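Chemist: turn this into a structure:
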Amino acid sequence: MKSLLLILLSAGVVVAVPAAMGGYPYYMGVAVYAVVLALFGLSVNLTVGYLGYISFGHAAFFGLGAYASAMLTSYLGMNYWLTLLLAPLPGALLGVLVGFASLRVGGAYFAIATLTAAEILHILVNNLMDLTRGPLGIRVPRPKIEFLANLGIDFYQYYLGIGLLVLLLVVAGLRRLLASPIGRSWAVIKESAPLAESIGIATLRSRVLNIALSGAIAGLAGALFVPRTLVVTPELFSSGLSATGLLIAILGGKATLIGSILGGVVFAALPEALRFIEEYRMAIFALLLLLVVRIQPNGLAGLMSFRRRARAPEVATATTSSDLMFKPGEAMEVKGLSKQFGGLKAVSAVSLRFEPGETVGLIGPNGAGKTTSLSLISGFLAPSAGEVSFGGKSVSGLAPHRLARLGLVRTFQHTAICGRLSVFDNVLAAVPNTETVFTAIRGGQGYREREARRRGLAQAYLSQVGLSERAADEAGSLPYGDQKLLSIAVALAAQPKVLLLDEPAAGLNHTEARALASLLKSLRERGLTIVIVDHNLKMIMEISDRIYVLNRGESLADGSPQEVRNNPAVIEAYLGTVWNKEGVVHA
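Modeler: Okay, here's the model as predicted:
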């Protein structure tokens with residue numbers, strides 16, 4: 001019923017707005033420009049707001065779309081309105097190329113890469129006279145729709161109507177996509193790329209997908225802009241247009257859909273409204289922008305009253321206890337693992353073995369190489385020598401997200417959560433999924449059932465760690481102990497076979513540490529293999545089946561908790577001659 005009302009409301013807007021503005025071509029032209037800028041702002045916001053990557057050259061995508069539409073219309077005789085379906089493709093392709101070329105070396109290079117792409121395209125279209133006519137541009141005839149013209153509908157009326165329809169379709173598609181597992185993966189990547197990798201999100205592919213979609217939308221905006229000017233020139237690749245898109249995203253409100261629309265309207269209408277002071281209008285416009293950004297850092301969308309606190313999640317699908325049973329894992333073996341940083345040997349020829357369903361402690365003094373070993377095993381560091389095998393197959397050199405999908409999931413020494421997301425959304429983002437852009441946007445009964453199951457699992461994992469009552473709270477507002485539990489719930493939602501915990505008890509008081517120990521025992525009873533690094537020796541001795549001891553990057557000892565406790569070498573290097581009865585070593 002809600003979807004039907006939205007469809008009817010959207011149809012009413014598409015019809016009513018152009019009809020109401022009939023006879024005022026100037027104002028309809030401004031409205032069309034607002035639609036184009038809103039689309040362009042959405043494309044920039046998709047990357048800047050939802051992924052966290054700044055773009056200094058988004059005009060590259062806009063200009064490509066405009067030139068693609070103009071060439072298809074003028075050179076090949078294609079109906080302009082059909083070119084709206086093809087014009088986004090060059091922008092999407094450029095997004096893939098720029099994404100792969102820049103994001104492998106770091107996010108800062110993306111801003112430089114987009115700026116460079118825009119400048120290169122600007123130079124090319126200026127100099128390829130035979131193809132683009134250089135500075136003269138490509139002229140495009142006004143694309144009429146004879147059927148509508150015969151009905152007495154003005155060109156700008158149906159042009160505006162089609163523009164509004166395109167904008168509403170893009171907003172509806174993005175709204176579904178951002179609420180899907182794909183959108184949730186972007187939110188995690190924005191907050192913490194290592195966390196995203198650790199729970200099985202292919203960060204590079206996800207980021208490139210985001211940029212490709214952003215480029216496609218910008219290309220669509222460029223194509224839609226063509227009938228307003230009827231000539232496509234190299235100025236469409238200018239840095240000024242890129243700056244306009246970035247300012248629309250910031251002024252309207254980053255990571256908001258309505259913000260891009262508001263920003264587009266302001267950038268289209270306000271300069272026109274200030275024409276009566278022609279000489280100073282751009283300076284006054286810039287001053288007003290600065291004031292808005294200074295007074296309202298969250299943008300114009302921050303003023304909207306409908307932005308409300310998240311409600312507790314409604315779970316439509318019951319999750320049985322079998323859903324929380326962990327699949328029997330395979331044995332994991334580490335042979336001769338070494339890591340050297342320049343002249344420093346952080347880990348040297350370490351060999352470990354983890355049997356299915358057991359809890360293994362990894363202890364040692366600070367600087368012993370424990371966290372480095374976990375990073376080597378989980379793929380976050382490449383080993384200088386040695387091999388990691390899982391289920392009899394070598395997994396050395398695999399990316400962390402691939403290891404996570406095989407069932408090897410880790411947490412981090414410093415709690416890694418998405419502080420601005422709700423507790424529930426943190427866990428939900430980690431639940432494995434197989435959705436594509438098409439299935440997420442299309443929706444349907446099958447998608448809703450899969451989403452309900454994912455939400456049910458997320459709620460069950462929250463219950464497992466005792467955080468159900470905090471599901472709707474912002475994760476960053478949780479006490480430190482609860483944040484530690486949340487990080488474990490996130491890791492569990494990735495459905496591990498082997499869980500690597502890096503100092504989960506660090507900073508916890510006695511009561512919290514006891515609760516953590518009980519949780520880890522229950523997870524082992526459910527079939528989960530656990531490898532835990534921690535300095536809380538009382539907890540390690542209590543929950544571990546076996547313990548490995550590292551010292552100065554080398555294996556010192558291994559055995560049962562009793563054997564390790566009484567090992568003279570361990571006592572000398574780590575425990576000391578008098579071991580604290582509380583089992584806590586401050587090394």
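
Chemist: element containing P141?
Modeler: Here P141 sits in a region with no helix or strand, counting by DSSP states H and E.

Chemist: which residues of the stretch 351-500 of the chain fall in helices?
Modeler: 370-377, 400-406, 423-428, 437-442, 445-465, 480-493 (DSSP state H, counting those that start in this stretch).

Chemist: nope, the stretch 151-300 of the chain is what I meant
Modeler: Going by DSSP H, counting those that start in this stretch, the stretch 151-300 of the chain shows helices at 155-178, 181-191, 193-198, 203-229, 239-252, 257-273, 281-295.

Chemist: of the helices of the stretch 351-500 of the chain, which is nearest D558?
Modeler: When the helices of the stretch 351-500 of the chain are compared for distance to D558 using Cβ to Cβ, the nearest one is helix 370-377, at 13.1 Å. (C-beta placed from N, C-alpha, C; glycine too.)

Chemist: and the closest one, what does it pack against?
Modeler: strand 332-341, strand 344-354, strand 359-363, strand 385-390, strand 408-410, strand 498-502, strand 529-533 (3 or more Cβ pairs under 8 Å, 6 or more residues apart in numbering; DSSP states H and E).

Chemist: what is the neighbour count of A273?
Modeler: Residues near A273, counting by other Cβ atoms under 10 Å, number 11.

Chemist: and it, how far from L287?
Modeler: As for A273, its distance to L287 is 14 Å (criterion: Cβ to Cβ, to the nearest Å).

Chemist: what strand or helix carries D558?
Modeler: Applying DSSP H and E as the criterion places D558 in strand 554-559.

Chemist: quick check: V334 touching A385?
Modeler: No - the pair V334 / A385 is not scored as a contact, 11.6 Å apart, by Cβ atoms under 8 Å.

Chemist: so what sits against both of the two?
Modeler: Counting by Cβ atoms under 8 Å, 6 or more residues apart in numbering, V334 and A385 have no common neighbour.

Chemist: of these two, give the one with the bigger neighbour count.
Modeler: Per other Cβ under 10 Å, whichever of V334 and A385 has more neighbours is V334, with 22 against 13.

Chemist: what bridges to A557?
Modeler: V549 (DSSP bridges).

Chemist: okay, now it: neighbour count?
Modeler: 19.

Chemist: who's in contact with it?
Modeler: Y548, V549, E563, V564, N567, A569, V570.

Chemist: thinking again about what came up before, same list, the helices of the stretch 351-500 of the chain, but as CSV with mean neighbour count please.
Modeler: Conversion of these to CSV gives the following (neighbours: other Cβ atoms under 10 Å):
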stretch, mean neighbour count
helix 370-377, 24
helix 400-406, 21
helix 423-428, 28
helix 437-442, 15
helix 445-465, 19
helix 480-493, 23
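
Chemist: out of the helices of the stretch 151-300 of the chain, nearest to G407?
Modeler: helix 193-198 (12.5 Å).

Chemist: roughly how far is that closest one from the heart of the chain?
Modeler: Computed by Cα atoms, centre = their mean, to the nearest Å, the separation of helix 193-198 from the middle of its chain amounts to 10 Å.

Chemist: for that helix, which helices and strands make contact with it?
Modeler: By 3+ Cβ pairs under 8 Å, 6+ apart, helix 193-198 packs against helix 181-191, helix 203-229, helix 400-406.

Chemist: could I get the first one in CSV with only the CA atoms?
Modeler: Taking C-alpha atoms only, helix 181-191 is exported to CSV below (Å, rounded to 0.1, in the frame of the first residue of the first chain):
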residue,chain,number,x,y,z
PRO,A,181,23.5,-5.3,1.7
ILE,A,182,25.4,-3.4,-1.0
GLY,A,183,24.6,0.0,0.6
ARG,A,184,25.5,-1.4,4.1
SER,A,185,28.9,-2.6,2.7
TRP,A,186,29.6,1.0,1.6
ALA,A,187,28.7,2.3,5.1
VAL,A,188,31.2,-0.2,6.7
ILE,A,189,33.9,0.7,4.1
LYS,A,190,33.5,4.4,4.9
GLU,A,191,33.9,3.8,8.6
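
Chemist: that helix - contacts with which helices or strands?
Modeler: Short answer (3+ Cβ pairs under 8 Å, 6+ apart): helix 181-191 packs on helix 193-198, helix 203-229, helix 423-428, helix 437-442.

Chemist: repeat the analysis, applying 10 Å as the threshold.
Modeler: Counting contacts by 3 or more Cβ pairs under 10 Å, 6 or more residues apart in numbering; DSSP states H and E, helix 181-191 packs against helix 25-48, helix 155-178, helix 193-198, helix 203-229, helix 423-428, helix 437-442, helix 445-465.

Chemist: now the angle from that helix to helix 25-48?
Modeler: 70 degrees (axes from the mean of the first three to the mean of the last three Cα atoms, to 10 degrees).

Chemist: who's in contact with the residue nearest the centre of the chain?
Modeler: A centroid search over the chain (Cα atoms, centre = their mean) returns W186, at 1.2 Å, as the residue closest to the centre. W186 makes contact with 46-47, 49-52, 177-178, 196, 201, 203, 206-207, 209-210, 255, 429, according to Cβ atoms under 10 Å, 6 or more residues apart in numbering.

Chemist: how many neighbours does A66 have?
Modeler: By the criterion of other Cβ under 10 Å, A66 has 29 neighbours.

Chemist: same question for I123.
Modeler: By other Cβ under 10 Å, neighbour count at I123 equals 12.

Chemist: and L72, by the same measure?
Modeler: L72: 19 surrounding residues under other Cβ under 10 Å.

Chemist: export the helix or strand where it lies as PDB, just CAs?
Modeler: Using DSSP H and E, L72 maps to helix 59-74. Coordinates of each C-alpha in helix 59-74 appear next as PDB, following Å, rounded to 0.1, in the frame of the first residue of the first chain:
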ATOM      1  CA  ALA A  59      32.600  16.800 -14.500                       C
ATOM      2  CA  ALA A  60      34.500  14.100 -16.400                       C
ATOM      3  CA  PHE A  61      31.500  11.800 -16.100                       C
ATOM      4  CA  PHE A  62      29.000  14.500 -16.700                       C
ATOM      5  CA  GLY A  63      30.800  15.700 -19.900                       C
ATOM      6  CA  LEU A  64      31.100  12.100 -21.200                       C
ATOM      7  CA  GLY A  65      27.400  11.600 -20.900                       C
ATOM      8  CA  ALA A  66      26.600  14.800 -22.700                       C
ATOM      9  CA  TYR A  67      29.100  14.100 -25.600                       C
ATOM     10  CA  ALA A  68      27.900  10.500 -25.900                       C
ATOM     11  CA  SER A  69      24.300  11.700 -26.300                       C
ATOM     12  CA  ALA A  70      25.200  14.500 -28.700                       C
ATOM     13  CA  MET A  71      27.300  12.200 -30.900                       C
ATOM     14  CA  LEU A  72      24.700   9.500 -31.000                       C
ATOM     15  CA  THR A  73      22.000  12.100 -31.900                       C
ATOM     16  CA  SER A  74      24.000  14.200 -34.400                       C
END
